[in-house]
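**Student:** Using only what follows, build the 3D model:
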Amino acid sequence: MKAGDELPPLEIPITRTLIVAGAVASRDYQDVHHDAELARAKGSPDIFMNILTTNGLVGRYITDHFGPAAVLRKVAIRLGAPNHPGDTMTLTGTVTDIDGDTARVRVVGANGLGRHVTGTVTVLLPGPGGKGAS
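**Tutor:** Residues are numbered from 1 along each chain as shown. Next up, the predicted model:
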C-alpha cells in the first residue's frame, strides 16, 4: 500500500429503516430523523440521516478494507448534501499518506444530490509488528 492507492467503492442503499435505526441507536431523537411529516414541515423533503450514522458508515468502510484488526485513530468528517430514503451513497477513498503502521485515507461519500460526507480517517494498520494487530 502506498499514497495514491484507491479503496474500492462501497455502495450503501439509504433506506428509511437505516436512517431511523441509526438515529435510535445513537440516541438522536430529533424528529427530522424519524418523522417525515415533521421533517417536511421544517423544509426537508423527507427524513434524513444523522451525522453519527454517517460516521459509523465511514468507519465500516475503512475497517471493511483494512480488516477487523485495524484501529480507527481519528475520523474527521464534514456533512454536505443530506442522505434521504431512496438515495444510494457511494463511499470512495484514497490513501493520502503512510507513516509506519498508520495510514491516512481521504473519504468521500456521494449521493444523487452531491457529496454527503467528506473527510479524513487516520487508521492504525494491522499486521506483523503493527499495534493494530490482534
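**Student:** going forward, measure contacts between C-alpha atoms and count neighbours the same way
**Tutor:** Noted.
**Student:** for this structure, what spans make up the helices?
**Tutor:** 16-25, 36-41, 51-66 (DSSP state H).
**Student:** now the longest one, how far from the centre of its chain.
**Tutor:** Okay, so that is helix 51-66. Mean-position distance between helix 51-66 and its chain equals 4 Å (CA atoms, centre = their mean, to the nearest Å).
**Student:** Could you do stretch 64-73 as well?
**Tutor:** With CA atoms, centre = their mean, you get 14 Å for stretch 64-73.
**Student:** which residues does the residue nearest to the spatial centre of the chain contact?
**Tutor:** The residue lying closest to the centre of the chain (CA atoms, centre = their mean) is V58, at 2.3 Å. Going by CA atoms under 8 Å, 6 or more residues apart in numbering, V58 touches 91, 107.
**Student:** State the pLDDT value of it.
**Tutor:** Here, the pLDDT recorded for V58 equals 98.
**Student:** same deal with P8?
**Tutor:** pLDDT at P8 comes out at 98.
**Student:** got the contact list for the nearest residue to it once chain neighbours are set aside?
**Tutor:** Leaving out its chain neighbours, the residue that sits closest to P8 by CA to CA, 6 or more residues apart in numbering is T92, at 6.7 Å. Residues in contact with T92, defined by CA under 8 Å, 6+ apart, are 6-10, 107-109.
**Student:** In strands, which of those fall?
**Tutor:** 6-10, 107-109 (DSSP state E).
**Student:** Of those, which is the most crowded?
**Tutor:** Neighbours here mean other CA atoms under 10 Å. Within these, the largest count is held by G109, at 27 neighbours.
**Student:** so who does it touch?
**Tutor:** 89-92, 115-118.
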